[in-house]
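Student: Curious how this folds, go ahead:
(one chain, ligands or ions: 3)
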Amino acid sequence: MKISLLETLREKNPIAFNISNFVTVQDVANGINALGASPIMSEEQNEAEAMVKMCNSVTINLGAFTEGQLEQIATVSTFANQYGKPIVIDPVAVGAVAYRTERCNELLDQTDVAVIRGNAGEIAALAGVEWQSKGIDAGEGSGDLEEIAKKLAKKRHCVVVESGKTDIITDGEAVVRVFNETDLFKLHVGSGDMLSSTIGCFCGIEKDAFEAAQTATVVFDVAGEIVAKSMKQPLAGSFGPQLIDQLHLIDVKTVEKYAQYE
Ligand SMILES: Nc1ncnc2c1ncn2[C@@H]1O[C@H](COP(=O)(O)OP(=O)(O)OP(=O)(O)O)[C@@H](O)[C@H]1O
Ligand SMILES: Cc1ncsc1CCO
Ligand SMILES: [Mg+2]
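Tutor: Ligands and ions are numbered 1, 2, ... in the order given. Take a look at the predicted model:
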């Protein structure tokens, strides 16, 4: 685990191009800006090539896309592959809505992606494994979480981050588990979106997407855990802003002190 990548990220201040969703766009922008990246969001087809050329990574969040946006997403993905910019996909609710599964699989058929980050229900749906997803949440299933993540990583030749109480990160062969956690993540809509975009930032400064995804996940999880431990009363409304503050404050030493992974 290369926790020192956090320092590299702050030195390089990578431009993180995000196609976000309207629900969580501000948390995502402020979260990764506080961390040390330079976010830019766009939904405009006509500037797709310029955006991709300028940026260090592309994070595509499929949380609330419209039909018109699908064209921009396809254009951006094509340019990102052409210019060698890493793509991170957040397949929001693909386990719950067949239309989303179909559109996401089409995108993955046409695009080489570096990382797919989703909860168990989303990863299972893309891996083609039976699961009862619930809206944007993971839902219930009996499959082996690590095998499901590995199956998708092999299928799409990419790194998979399957978030949950324990976060599972795999390149299809090796598996890293991150144990840092807090229930407050689940009370803040967009924790997952922020994690995906954080992974995007690290992919912008580290070519090895497996390393980038590990560091991003551990930094994000430790930040959330520190906030939860510092709160007198665990409250959903104040967790979000304090998570952004902690992404600003956190440093390599602190992450090394609290990180729990194997
Ligand atoms: N049951 C849990 N207990 C503690 N932490 C969790 C739990 N589930 C997820 N997390 C943490 O929450 C963060 C977001 O992951 P999660 O799986 O909730 O994403 P998500 O379902 O895509 O969220 P959303 O779409 O609402 O933003 C991760 O850092 C993960 O470690
Ligand atoms: C609640 C919600 N609905 C569509 S996207 C989103 C944010 C979580 O991704
Ligand atoms: Mg999500």
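
Student: going forward, measure contacts and count neighbours with C-alpha atoms only.
Tutor: Fine.

Student: Quick check: the gap between the residue in the stretch 51-200 of the chain positioned nearest to ligand 2 and ligand 3.
Tutor: Distances between the stretch 51-200 of the chain and ligand 2 by CA to the nearest ligand atom are smallest at G63, namely 3.6 Å. Plainly put, G63 is 7 Å away from ligand 3 if you go by CA to the ion, to the nearest Å.

Student: Tell me, how many residues neighbour that residue?
Tutor: By other CA atoms under 10 Å, the residues close to G63 number 21.

Student: One more: V97?
Tutor: Taking other CA under 10 Å as the criterion, the count of residues near V97 is 15.

Student: Spit out the contact partners of it.
Tutor: Taking CA atoms under 8 Å, 6 or more residues apart in numbering as the criterion, V97 is in contact with G135.

Student: Can you pull the phi/psi pair for it?
Tutor: Backbone torsions of V97, given as degrees, to the nearest 10, read phi -130, psi 120.

Student: Could you report the pLDDT at it?
Tutor: pLDDT for V97: 96.

Student: same deal with the one 5 residues further on?
Tutor: We note a pLDDT of 98 for E102 in this prediction.

Student: same thing with the one 5 residues further on?
Tutor: The predicted local confidence for L107 comes out at a pLDDT of 98.

Student: Residues in contact with the host helix or strand of it: which ones?
Tutor: For L107, the host element (DSSP states H and E) is helix 98-110. In this structure, residues lying in contact with helix 98-110 by CA under 8 Å, 6+ apart are L62, A74, P91, A93, V94, G95, A125, L126, R156.

Student: run the last query once more with 7 Å
Tutor: A74, P91, V94, G95, L126 (CA atoms under 7 Å, 6 or more residues apart in numbering).

Student: And for the second one, the neighbour number?
Tutor: One way to gauge burial is a neighbour count; for P91, by other CA under 10 Å, it gives 27.

Student: now swap in the fourth one and tell me
Tutor: Each residue near G95 was counted by other CA under 10 Å, and the total is 30.

Student: Look at it and tell me its secondary structure.
Tutor: Applying DSSP: H, G, I helix; E, B strand; the rest coil to G95 yields a three-state assignment of coil.

Student: so T111 makes contact with T75?
Tutor: No - in this structure, T111 sits apart from T75 without contact. The criterion is CA atoms under 7 Å, and the distance is 10.3 Å.

Student: is it true that the residue of the stretch 51-200 of the chain closest to ligand 2 touches I19?
Tutor: No - taking contacts as CA under 7 Å, G63 lies outside contact range of I19: 9.7 Å.

Student: about what we covered before: now do the buried residues in the helix holding L107.
Tutor: By neighbour count on 16 or more other CA atoms under 10 Å, the buried set for helix 98-110 is R100, T101, R103, C104, N105, L107, L108.

Student: can the residues you listed go into TSV with extra columns for distance to ligand 2?
Tutor: Compiled in TSV, these are given as follows (distance: CA to the nearest ligand atom, whole Å):
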residue	distance to ligand 2
R100	11
T101	14
R103	15
C104	14
N105	18
L107	18
L108	19
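
Student: re earlier: let me know the secondary structure of the residue of the stretch 51-200 of the chain closest to ligand 2.
Tutor: Of the three states, G63 takes coil according to three-state DSSP.

Student: how close does it sit to ligand 1?
Tutor: G63 sits at a distance of 8 Å from ligand 1 (criterion: CA to the nearest ligand atom, to the nearest Å).
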